[in-house]
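Engineer: coordinates only, sequence not included:
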């Protein structure tokens, strides 16, 4: 690995994107935390039902992340060239695919909620409450997807403050309405999980309204107009599919794999689901910084390639964020171990569930180092550099060939204790980091993806 970059401009640029993104992720995490804490005060059944029902939202979020990641690889490199006309074409393609995916999720939530819930649980009470939650959430998926896509593109041109402000407003709306609708304050009836879903949908609409208004009246770098949604993208769609399809397939396979992991946990016990929900939320508290850094890395690497930086300089930037990720992972794991006794006390669940959550957090903390570095390698470096096919291979192959088979055996054949089952379900992380690191050090991942787009002026 090469020596770290010394130029202060690199770190300032990286932090100027990573810090707001981490703040945005923290706000989103706080919404999930509030939902979990409030529903946990209703009952463990309500907590488990909402958690499992949100697997559909999770899948849509991950697929949407794949779509926007493919788009941001192009947009970041085009912004390095200051080619905003091409960025607008990419936005159109991204919005069309995003809309199709969110419509599919809406149909599942609206018309097949019980069927969906039975994939994850055999507890009839959990299935009933989860289905009720999904029927309401069906109204919010399109709002979430469009807003998320627009904010993802804005960060490639270093516009990140608006997303932080938007999600802060959304957080306020969501928590306030949770308090009112879940417990029945201010004259409203106590709605439980249904109230949580209504609050979330209203918050998602708020995000959508702000994003669309900002793009129409305030955004002045890209200047995208929504009539362009119906325009021609000749010469761009083929290149987008060639580069973006592996990312979408990657995230789709990964989200399906991740939901299989949730199915395994759900079929072991409802207590395991509740304890894992708590452990996951505590883990997410630390993960927001890792995720923000990874997305910022993808932008910085993409911009560097688009601006024409030498391969050696791009490689040095990649190695620098790898060093940072390893340090952040080690620090996060240590802090997670320190705060876990206090963290689990936030949740109104049984002492047995709290004890199990404590044990699961030990596993999460030990895995944090490799998970953080893997995130930077795959999402930040390989995707940012245009090496999306190899990123797809690394991210999905070991999940399906190592984690899922190992987790199934651990849970149902060996009947291991839940902490060991969780370790088996996450056992691919170290392998992915090692393979991705070897790829990055060979330097074959640095690609100018904009060179694959037709220069036909009609397409531009």
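Structural biologist: Structure received. What you see is a predicted model; the values in this text were computed from it and never measured. Numbering: from 1, shown residues only.

Engineer: And the helices in the stretch 101-250 of the chain, which stretches?
Structural biologist: Here the stretch 101-250 of the chain has its helices, by DSSP state H, counting those that start in this stretch, at 113-118, 124-137, 141-156, 161-183, 193-217, 237-268.

Engineer: I misspoke; the intended subject was the stretch 251-400 of the chain.
Structural biologist: Remark: helices assigned in the stretch 251-400 of the chain by DSSP H, counting those that start in this stretch are 270-307, 311-343, 351-375, 383-384, 388-398.

Engineer: I'd like these as TSV, with mean pLDDT appended.
Structural biologist: Compiled in TSV, the helices of the stretch 251-400 of the chain are given as follows (pLDDT from 0 to 100):
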stretch	mean pLDDT
helix 270-307	87
helix 311-343	92
helix 351-375	90
helix 383-384	88
helix 388-398	89
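
Engineer: Of the ones you listed, which stretch is the most buried?
Structural biologist: Highest mean neighbour count among these (mean count of other CB atoms under 10 Å): helix 383-384, with a mean of 33. C-beta coordinates here come from the backbone N, C-alpha and C atoms, glycine included.

Engineer: contact partners of it?
Structural biologist: Residues outside helix 383-384 that contact it (CB atoms under 8 Å, 6 or more residues apart in numbering): 69, 73, 76, 247, 297-302, 305, 391.

Engineer: what sits against the one residue sitting closest to the centre of the chain?
Structural biologist: Nearest to the geometric centre of the chain sits residue 62, at 5.6 Å (CA atoms, centre = their mean). In this structure, residue 62 makes contact with 251-252, 254-255, 258, judged by CB under 8 Å, 6+ apart.

Engineer: Quickly note the distance from it to residue 190.
Structural biologist: 32 Å (CB to CB, to the nearest Å).

Engineer: and what of residue 447?
Structural biologist: For residue 447, the distance to residue 190 (CB to CB) stands at 55 Å.

Engineer: what about these two, which has more around it?
Structural biologist: Per other CB atoms under 10 Å, whichever of residue 447 and residue 190 has more neighbours is residue 447, with 16 against 13.

Engineer: Grab the nearest non-local neighbour of that one.
Structural biologist: Once flanking residues are discounted, residue 447 sits nearest to residue 386: 3.5 Å by CB to CB, 6 or more residues apart in numbering.

Engineer: Backbone torsions only: list them for the one you found.
Structural biologist: Backbone torsions for residue 386, taken as degrees, to the nearest 10, come to phi 90, psi 10.

Engineer: Of the helices of the stretch 101-250 of the chain, which is nearest residue 17?
Structural biologist: Closest of the helices of the stretch 101-250 of the chain to residue 17 is helix 141-156, at 6.2 Å (criterion: CB to CB).

Engineer: and the angle from that closest one to helix 270-307?
Structural biologist: Angle, helix 141-156 to helix 270-307, by axes from the mean of the first three to the mean of the last three CA atoms, to 10 degrees: 40 degrees.

Engineer: picking up where we left off before, looking at the contacts of residue 62, which is nearest residue 412?
Structural biologist: The nearest member of the contacts of residue 62 to residue 412, counting by CB to CB, is residue 258 at 18.3 Å.

Engineer: any idea how far residue 265 is from that closest one?
Structural biologist: From residue 258 to residue 265 the distance is 11 Å (CB to CB).

Engineer: Repeat that for residue 105.
Structural biologist: Distance, residue 105 to residue 265, by CB to CB: 22 Å.

Engineer: before we move on, back to that, would you mind giving the helices of the stretch 251-400 of the chain as a markdown table with distance to residue 423 added?
Structural biologist: What follows is the helices of the stretch 251-400 of the chain, written out as a markdown table (distance: least, CB to CB, whole Å):
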| stretch | distance to residue 423 |
| --- | --- |
| helix 270-307 | 12 |
| helix 311-343 | 14 |
| helix 351-375 | 5 |
| helix 383-384 | 27 |
| helix 388-398 | 15 |
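
Engineer: so which of those helices gets nearest residue 129?
Structural biologist: For the helices of the stretch 251-400 of the chain, distance to residue 129 was read as CB to CB. The smallest value, 11.8 Å, belongs to helix 270-307.

Engineer: follow-up on the earlier one: looking at the helices of the stretch 251-400 of the chain, which is nearest to residue 421?
Structural biologist: Closest among the helices of the stretch 251-400 of the chain, using CB to CB: helix 270-307, at 7.9 Å.

Engineer: So which of the contacts of helix 383-384 is the closest to residue 165?
Structural biologist: When these are compared for distance to residue 165 (CB to CB), residue 299 wins out at 19.2 Å.

Engineer: nearest residue to that closest one other than its sequence neighbours?
Structural biologist: The nearest residue in space to residue 299 (CB to CB, 6+ apart) is residue 76, at 5.0 Å.

Engineer: same question, residue 131
Structural biologist: Going by CB to CB, 6+ apart, residue 131 has residue 113 as its nearest residue, at 3.8 Å.

Engineer: Distance check, the residue at the greatest distance from the centre of the chain against residue 181.
Structural biologist: The centre of the chain is farthest from one residue, residue 187, which by CA atoms, centre = their mean lies 36.2 Å away. Distance, residue 187 to residue 181, by CB to CB: 11 Å.
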